[in-house]
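J.: What follows is a predicted structure for the sequence shown.
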Amino acid sequence: MRGLRTVLVVVGALLLSACGPAGVEREARAITPVEQPTPTASPTPSTPTTDPAVEARWAEAIEAAYYAMEYVLEPADLPAISAAWGAAVTAQFGTGTITVDPALFAPVTNEWGMTEALDNGVTVIGGDPAAVRVGMAAAAARFFAVDAEGVEHADAEALDVAEGRILDYVSDPTDDGTGLGYWIDTEGVGYPEAARTMMTILVEELERAGVTEARLVPLAGPSATG
């Protein structure tokens, strides 16, 4: 019995210390907020410009490209879609010392009427071959860090962790008779935003390598309008 009384006294004391005397509210304890570390900035696309007109062109082109990849097109449908893509490419890359052919990475239809995009390559026409090789190699390494939305991550390993890798491989640059070119393989899947980012990356890396004048064209050669 004495043991039970001792236990009750101890429990009562604990309750009083937690709740305070009966009828008296305990003073609310101020909670000091813990300062949270600033989150690491999310990866951002390399490509958006500050020109609303250019961005409007790309919005139209990317919407058209997705439409093309979602539906089986009639041959008569493709010219308008290709024109929208070419207008966006020209708006961003049509001036300067390194320009881009409007047909580069444009949506194309295969023999089954299905649309593909970016499952292609690029040739760099012009520039010192040694500098072009350096620029193309640096760009290829960055291509592997680009996800489907055109966002360039810190590196390919970071993108692999996020399970967002879209490239199968990029071939070594070879001379295709008009310039140095390589194949960019996305296993037949088109990624319009990624295509735009990769154009930007290649232009940036060629400039960084010291290429002063060049044109980027589809691996098979320049388009009729290029």
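T.: Yep, it's here. Numbers count the residues shown, from 1 in each chain.

J.: Just the element for Leu206, please.
T.: helix 192-208 (DSSP states H and E).

J.: Output the contacting helices and strands for that helix.
T.: In terms of contacts (3 or more Cβ pairs under 8 Å, 6 or more residues apart in numbering; DSSP states H and E), helix 192-208 is packed against helix 52-70, helix 78-93, strand 98-100, strand 120-125, helix 129-143, strand 214-218. Glycine gets a C-beta too; all of them are placed from N, C-alpha and C.

J.: Which among those is found nearest to Asp160?
T.: helix 129-143 (13.5 Å; Cβ to Cβ).

J.: and that closest one with strand 214-218, angle?
T.: Orientation check (axes from the mean of the first three to the mean of the last three Cα atoms, to 10 degrees): helix 129-143 against strand 214-218 gives 50 degrees.

J.: Now helix 129-143: buried residues?
T.: 131-136, 138-140, 142-143 (16 or more other Cβ atoms under 10 Å).

J.: Would you reformat those residues as TSV and include distance to Ala106?
T.: Compiled in TSV, the buried residues of helix 129-143 are given as follows (distance: Cβ to Cβ, whole Å):
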residue	distance to Ala106
Ala131	27
Val132	22
Arg133	25
Val134	27
Gly135	22
Met136	20
Ala138	24
Ala139	19
Ala140	21
Arg142	22
Phe143	18
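
J.: and which of these is nearest Ser82?
T.: Comparing the buried residues of helix 129-143 against Ser82 with Cβ to Cβ picks out Phe143 as the nearest, at 23.0 Å.

J.: sorry, back to before: export the helices and strands packed on helix 192-208 to a markdown table and append columns for distance to Glu207 and mean pLDDT.
T.: A markdown table is the format used below for those (distance: least, Cβ to Cβ, whole Å; pLDDT from 0 to 100):
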| stretch | distance to Glu207 | mean pLDDT |
| --- | --- | --- |
| helix 52-70 | 18 | 90 |
| helix 78-93 | 12 | 92 |
| strand 98-100 | 6 | 96 |
| strand 120-125 | 12 | 92 |
| helix 129-143 | 8 | 96 |
| strand 214-218 | 9 | 96 |
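
J.: Indicate which one of these is closest to Ala194.
T.: Closest approach to Ala194 among the helices and strands packed on helix 192-208 is made by helix 129-143 (8.5 Å; Cβ to Cβ).

J.: Flag the shaky bits of the chain, pLDDT-wise.
T.: 1-48, 72-73, 109-119, 161-162, 221-226 (pLDDT under 70).

J.: if you set the cut-off to 90 instead, what comes out?
T.: By pLDDT under 90, the low-scoring segments of the chain are 1-51, 64-82, 95-96, 106-120, 148-149, 151, 153-168, 176-177, 185-190, 219-226.
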